[in-house]
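Visitor: Predicted model and sequence below, questions to follow.
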Amino acid sequence: MTERIDILGVKVDAVTMNQAVERVISLINEKNPSIVATANAEMLLRASHDEELKNILNDASLVVPDGAGTVWAARHLGKAMPERVAGFDLVQELMKIAPARDIKFFLFGAAPGIADKAKLKAESLYPGIKIVGTRNGYFKTADEPEILSQIKNSGANILLAALGVPKQEKWLAKFKNQLNIPVSIGVGGTFDVMAGIVRRAPLWMQKARLEWLFRALLQPSRAGRLVALPKFVLKVHKQKIGG
Ligand code: UDP
């Protein structure tokens, strides 16, 4: 068992990418449907004032340290956090091993047509991969029964839900027992990146821990979210000094 580190009240697993992949594989074989969350600074900050989200994350089977902010926070609190496990990268690693292990995916979320583009991309990158269904993430409550039955009857082992935070986590928590899919992962903007709609930061920026800055510059609509970062830093520091 790896350590779970408390960051602003959310227990984040101190896992490497390899450990996260292994954990997901073992969750596929468990009876109860599991939720896997990818916690970046923004999600952790939101959870600190959104009790429902915090509870969902603390009940999740695995919460990976997504983003430089989460890794920084753990280390600032004096805990060992081996590396960043970005949601996008976790999805790619799982897709890579999927054909050999007969893992089947359902892609749920993003604007109409995007999940289909992400599916095509996955099929070209990972030959033999089985994407057993797609569905866009813009729907009304009245559409939910149909969406639930589409996902439930797809035969997927892993449901990737890209509805944004915290909608995807809340939706998965509400419906996981009805869906009865072994593993569900909230993956944010992953399909947009796979479909080529949004670019990922260049590797040097990722390594310099500046991916957040790249995203803000590329999607000015996200710039407002930048204020979350200093707030997160202050809150983590307050936690450290016991405030
Ligand atoms: N989205 C969706 N349904 C909604 C709201 C958002 O499918 O009702 C999608 C949106 O199109 C995008 C993803 O959710 O593909 C959220 O991406 P973002 O990069 O904002 O993720 P976050 O930062 O919230 O993880």
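Guide: Nice, I can see it. On a predicted model such as this, the values are computed, not experimentally measured, just so you know.
Visitor: going on from the longest helix seen in the chain, what's the next piece of helix or strand?
Guide: In the chain, assigned by DSSP state H, the helix with the most residues is helix 87-101. Following helix 87-101 in sequence order, the next helix or strand is strand 104-109 (DSSP states H and E).
Visitor: Can you name every helix or strand that that following strand contacts?
Guide: Packing partners of strand 104-109 (3 or more CB pairs under 8 Å, 6 or more residues apart in numbering; DSSP states H and E): helix 87-101, helix 114-125, strand 130-135, helix 144-152, strand 158-162. (Each C-beta comes from the backbone N, C-alpha and C, glycine too.)
Visitor: cutoff 10 Å now
Guide: With contacts taken as 3 or more CB pairs under 10 Å, 6 or more residues apart in numbering; DSSP states H and E, strand 104-109 sits against helix 87-101, helix 114-125, strand 130-135, helix 144-152, strand 158-162, helix 167-179, strand 183-186, helix 190-194.
Visitor: Make TSV from those and add mean pLDDT to it.
Guide: Output for the helices and strands packed on strand 104-109, formatted as TSV (pLDDT from 0 to 100):
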stretch	mean pLDDT
helix 87-101	98
helix 114-125	98
strand 130-135	98
helix 144-152	98
strand 158-162	98
helix 167-179	97
strand 183-186	98
helix 190-194	97
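Visitor: Deepest-packed of those, please.
Guide: strand 183-186 (a mean of 28; mean count of other CB atoms under 10 Å).
Visitor: JSON lines for the helices and strands packed on strand 104-109, including distance to the ligand?
Guide: Below are the helices and strands packed on strand 104-109 laid out as JSON lines (distance: least, CB to the nearest ligand atom, whole Å):
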{"stretch": "helix 87-101", "distance to the ligand": "8"}
{"stretch": "helix 114-125", "distance to the ligand": "6"}
{"stretch": "strand 130-135", "distance to the ligand": "10"}
{"stretch": "helix 144-152", "distance to the ligand": "12"}
{"stretch": "strand 158-162", "distance to the ligand": "5"}
{"stretch": "helix 167-179", "distance to the ligand": "6"}
{"stretch": "strand 183-186", "distance to the ligand": "7"}
{"stretch": "helix 190-194", "distance to the ligand": "5"}
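Visitor: Would you mind putting those into TSV with distance to G69 alongside?
Guide: Converted to TSV, the helices and strands packed on strand 104-109 look like this (distance: least, CB to CB, whole Å):
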stretch	distance to G69
helix 87-101	14
helix 114-125	25
strand 130-135	31
helix 144-152	31
strand 158-162	20
helix 167-179	18
strand 183-186	17
helix 190-194	18
